[in-house]
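Asker: okay, sequence plus prediction incoming.
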Amino acid sequence: MSTARRANVTGLGLIGGSIARALAERGWQVRGEDHDSARVERAERMGIITVGGLDPQAEITFVCTPVLALADEVKRVLAETRGVVTDVGSVKGALCATIDDPRFVGGHPMAGSELEGLDGADASMFQGAVWVLTPSAHTADTTFSAVAAIVAELGADVVALPAERHDQV
């Protein structure tokens, strides 16, 4: 009997909720966090996450907070977990210049919906979507490979770009 793979999602809005739902539908145990504790409880009731909080042993943590909170949140989850860490922010340059941990690779799924929050959480959102990863000189090859494989498992097409190039495009 195999043990379920484990993931964290911080920020349970539209993108975070969709990532959590997509992972859960693929048999992952997903823990979730959000600044709004009622949203965490709702995500549990909806089966989007297994339970609230961070799993320190999770294979991957997706940071899905607003762009201005990303650097602090990425630093916190790197300190509190052992697996790889990625984010979903739309701006990469400053974040990737700030984070020099080999377990981090920036990311940006080119997907969305007109719906908001958990009501719009859609496990199929990333099917056929482009998901840009922005490895830096500090990103370990194993980190990039692990994140790229998980993103591909969600149905996305992985594209690697330098953070500055991503932001120009």
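Answerer: Great, that's in hand. Numbering: from 1, shown residues only.
Asker: from now on I want contacts and neighbour counts done on CA atoms only, so please keep to that.
Answerer: Fine.
Asker: how far does stretch 53-67 sit from the chain's center?
Answerer: 7 Å (Cα atoms, centre = their mean, to the nearest Å).
Asker: can we start the residue count at 31 from this point?
Answerer: Fine by me, first position is 31 from now on; the one you just mentioned is stretch 83-97.
Asker: got phi/psi on residue 60?
Answerer: Backbone torsions of residue 60, given as degrees, to the nearest 10, read phi -120, psi 120.
Asker: helices of this structure, start to end?
Answerer: Along the chain, the stretches classed as helices by DSSP state H are 44-55, 67-76, 100-110, 123-128, 171-183, 193-198.
Asker: can you give me the buried ones in the fourth one?
Answerer: In this case it means helix 123-128. 123, 125, 126 (16 or more other Cα atoms under 10 Å).
Asker: for residue 118, see how far away the last one is.
Answerer: Meaning residue 126. Distance, residue 126 to residue 118, using Cα to Cα, to the nearest Å: 12 Å.
Asker: show me what counts as buried in the lowest-mean-pLDDT helix or strand in the chain.
Answerer: Using mean pLDDT, DSSP states H and E, the weakest-scoring helix or strand in the chain turns out to be helix 193-198, at a mean of 78. Using 16+ other Cα under 10 Å as the test for burial, helix 193-198 gives 193, 196.
Asker: quick one: list the elements packing against it.
Answerer: Applying 3 or more Cα pairs under 8 Å, 6 or more residues apart in numbering; DSSP states H and E, we find helix 193-198 packed against helix 123-128, strand 160-164.
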